[in-house]
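# Here's a sequence, model it:
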Amino acid sequence: MPHYKTILPAAAAAGAQATTLGVMGGGQLGRMFVHAAQQLGYFTAVLDPDVASPAGLVSHVHVQTDYLDEQGLAQMLQRCAAITTEFENVPAGALYTLGAHLPTAPDAEAVAVCQDRAKEKRHFVDCGVPCAPHALIQTEADLAAVPDALLPGILKTVRMGYDGKGQARVADRAELAAAWQALRQAPCVLEHRLALDHELSVVLARNAHGDVVTLPLQRNLHRDGVLAVTEAPAPGVSDALAAQALGAARRIADGMHYVGVLCVEFFVLADGTLVANEMAPRPHNSGHHSVDSCDVSQFELQVRCMTGLPLLQPRQHSAAVMLNLLGDLWFDADGRERTPDWTGVLAIAGAHLHLYGKASARPGRKMGHLTFTAATPEAARAAALQAAGRLGIAPF
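The predicted structure follows:
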């Protein structure tokens, strides 16, 4: 197996071979990784089947193949010194192939845990981190054996669910049975529906030596299962709760011998209890503010982890509020296409607009994000609310 070692960008000398970092996946997270790697002097290669992938459009090399294509993987092995991922559903098999020859951050085994809700819950429990009471449903017998105490609940597919997809709220056994049928009897996890007060996330980076640094704790608001607003630092969180969340996230990463950037999302219940919800083996939407609010972004941390560069604790120099920009904003109430009021938004102090270069908008599609930075959390929130009003985003 390859060993992690320090991988420096090539010297800018005639005939020098460029040091290339690879990323599996060409979406917006890959695009921001590519920008961070290029800023540090690396060349980049993206593997993604979409000819117009946001990351592929800005990378030095775009390998346009399926993630399991042997020739595509061979090209990445030939070109790259190390490889990372930009979304959680990159096939673990591809990472096993790549990881047999090159450092991959994260590795295939960690990604396999994050791709499977049942394995993910088991890992939380093994690390001593509380999560929602749950049951695995794979057969009719499992369905019949579900404890009454888990209802009402949320039924989630074991694999491939994200941003509220592959999920259904169920109030009783009849709704549970109908929802499982609607999900084509795919393996699912039923979670007891908890009384939530708010949601938090921890974005951390862990290197091959086990060193860990974190972004400031973030408070998140989801709408229809999709992240809508992130505030950093998280308002109204006690030092004790923050320490509990950061410690739990570190145990989860240590338990997988994780290398790379990891996001762990938590629920804070009405009684103040903290429970782990899910994790993502990559930079996360809730950490996007770090590009503008911190001296080291989550994407630079991703580069540092995979190359063995020093892992620095990010310092947040500005309070931040991030708004997710979905494709709905590109349409008026009658469904006609329009251009959002970027002129009005960019006239607001502290605005940082990030659009992802996607060719077309559609409702629910992540098109970009808008971060507001300010000297105080109150000022950042006020500016973000002003922008939300201009764009037609519901207040928060």
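# Can you tell me the number of residues neighbouring the residue nearest to Arg304 when sequence neighbours are not counted?
Computed as CB to CB, 6 or more residues apart in numbering, the closest residue to Arg304 that is not its neighbour in sequence is Leu311, at 5.5 Å. For every residue, glycine as well, the C-beta is placed using N, CA and C. Leu311 is flanked by 17 other residues according to other CB atoms under 10 Å.
# cool, Lys5 as well?
For Lys5, the count of nearby residues is 11 (other CB under 10 Å).
# so what's it up against?
Applying CB atoms under 8 Å, 6 or more residues apart in numbering, we find Lys5 in contact with 103, 308.
# Pop the domain breakdown of this structure in here.
20-105, 133-192, 196-391 (automatic domain parsing).
# Do you have the helices of the stretch 251-396 of the chain handy? List them.
If DSSP state H, counting those that start in this stretch is used as the criterion, the helices of the stretch 251-396 of the chain fall at 290-293, 298-307, 342-346, 377-391.
# residue closest to the middle of the chain?
His284 (2.7 Å; CA atoms, centre = their mean).
# ok, what's across the strand from the closest residue to it other than its chain neighbours?
Using CB to CB, 6+ apart and skipping residues adjacent in sequence, the residue nearest His284 is Cys263, 3.4 Å away. With DSSP bridges as the criterion, Cys263 is bridged to Val203, Ala280.
# Pretty sure Cys263 sits against Leu200.
No - here Cys263 lies out of contact with Leu200, judged by CB atoms under 8 Å, at a distance of 10.9 Å.
# Where does the prediction get shaky in the stretch 151-300 of the chain?
Across the stretch 151-300 of the chain, the ranges flagged by pLDDT under 70 are 161-164.
# same thing but at 80, please
Within the stretch 151-300 of the chain, the segments meeting pLDDT under 80 span 160-165.
# Repeat that for the stretch 1-150 of the chain.
In the stretch 1-150 of the chain, residues with pLDDT under 80: 1-4, 10-18.
# all helices of the stretch 51-200 of the chain, in order?
For the stretch 51-200 of the chain, the helices defined by DSSP H, counting those that start in this stretch occupy 70-79, 92-99, 108-114, 117-126, 140-144, 173-182.
# related to what we said a few turns ago, quick one, which of the helices of the stretch 251-396 of the chain gets closest to Ala228.
helix 377-391 (9.6 Å; CB to CB).
# And the closest one, what's buried?
For helix 377-391, the neighbour count (16 or more other CB atoms under 10 Å) marks 377, 379-388, 391 as buried.
# chain center to it: distance?
24 Å (CA atoms, centre = their mean, to the nearest Å).
# same for it, what does it pack against?
strand 226-232, strand 319-326, helix 342-346, strand 366-374 (3 or more CB pairs under 8 Å, 6 or more residues apart in numbering; DSSP states H and E).
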